[in-house]
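K.L.:
got a predicted structure plus its sequence, pasted below:
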Amino acid sequence: MNNRLRVLRAERRWSQADLAQRLEVSRQSINAIETGKYDPSLPLAFKLARLFETTIEAIFTEERHLDGQ
Amino acid sequence: MLCEPIVGDDGGRKKRKLVPLEVFIYGVFLPAVLFAHPHRNSLGAYALALFLSLSMVGTMIALAVMAARRTDEFQRTLLTQAMLWGITGTLSITTVWGLLQFFTDVWQLPLLSAFPIFLAIFMTAKTVLFRRYRVGNE
């Protein structure tokens, strides 16, 4: 999954550590989500959406394959 | 209760608490094996076997509880993956060796070796996985 986490974080001038602290997760988790290596669980996705005052769909988008599916 | 290194928030720091596993293996387990061998079937040997097995079972339970209680979901996922590698590796090695024992004259692998094999593979997988996702400076 693609995400705009880094952009949203940068808009608020938060470091990964700041965001991790606000979400009560490790910085390792934030880094893994931002780099697309890990997709968060639904509760964590809702927490992110609430924190950034937006929707989950505005933060995460599905990866599109070359054939458009 | 035995423990293993805990990876810190940045994925790089390690802290040890309580009694390290190495102290148990070299300070308790090996001497116990040496003591028990010439005194088989004695009450002491049975007591020692029970004590050691309860300690090892306790360690397995502690590992499982530690993984389940990890509040960070990503680290919990990594620990679960490491445990799966441990289980897969242990089953593979014991299956292969078991078949070798069945068809050939290779020496018998003691049942007791299952736990150390699992621990070795689990610790290796855990180290590799946490290193892979270690976070550098921002």
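P.N.:
On my side now, so go ahead. On a predicted model such as this, the values are computed, not experimentally measured, just so you know. Numbering: from 1, shown residues only, chains lettered A, B, ... in the order given.

K.L.:
switch to C-alpha atoms for all contacts and neighbour counts from now on
P.N.:
OK.

K.L.:
grab the longest helix from chain B for me.
P.N.:
helix B:73-103 (DSSP state H).

K.L.:
tell me how far that helix lies from the chain's centre.
P.N.:
What separates the centre of helix B:73-103 from the centre of its chain is 11 Å, taken as Cα atoms, centre = their mean, to the nearest Å.

K.L.:
same check, this time on stretch A:16-23
P.N.:
In terms of Cα atoms, centre = their mean, the gap separating the centre of stretch A:16-23 from the centre of its chain is 11 Å.

K.L.:
give the buried residues for the helix or strand hosting residue B:46.
P.N.:
Here residue B:46 is covered by helix B:43-69, with elements defined by DSSP states H and E. By neighbour count on 16 or more other Cα atoms under 10 Å in any protein chain shown, the buried set for helix B:43-69 is B:45, B:48, B:49, B:52, B:56, B:59, B:60, B:62, B:63, B:66, B:67.

K.L.:
the spatially most central residue of chain B - nearest residue in space that isn't next to it in sequence?
P.N.:
Among the residues of chain B, the smallest C-alpha distance to the mean C-alpha position (Cα atoms, centre = their mean) belongs to residue B:119, namely 2.4 Å. Leaving aside its chain neighbours, residue B:119 sits nearest to residue B:86 (6.9 Å; criterion: Cα to Cα, 6 or more residues apart in numbering or on different chains).

K.L.:
same thing with residue A:25?
P.N.:
In space, residue A:25 comes closest to residue B:72 once its chain neighbours are excluded; the distance is 5.2 Å by Cα to Cα, 6+ apart.

K.L.:
no further questions, thank you.
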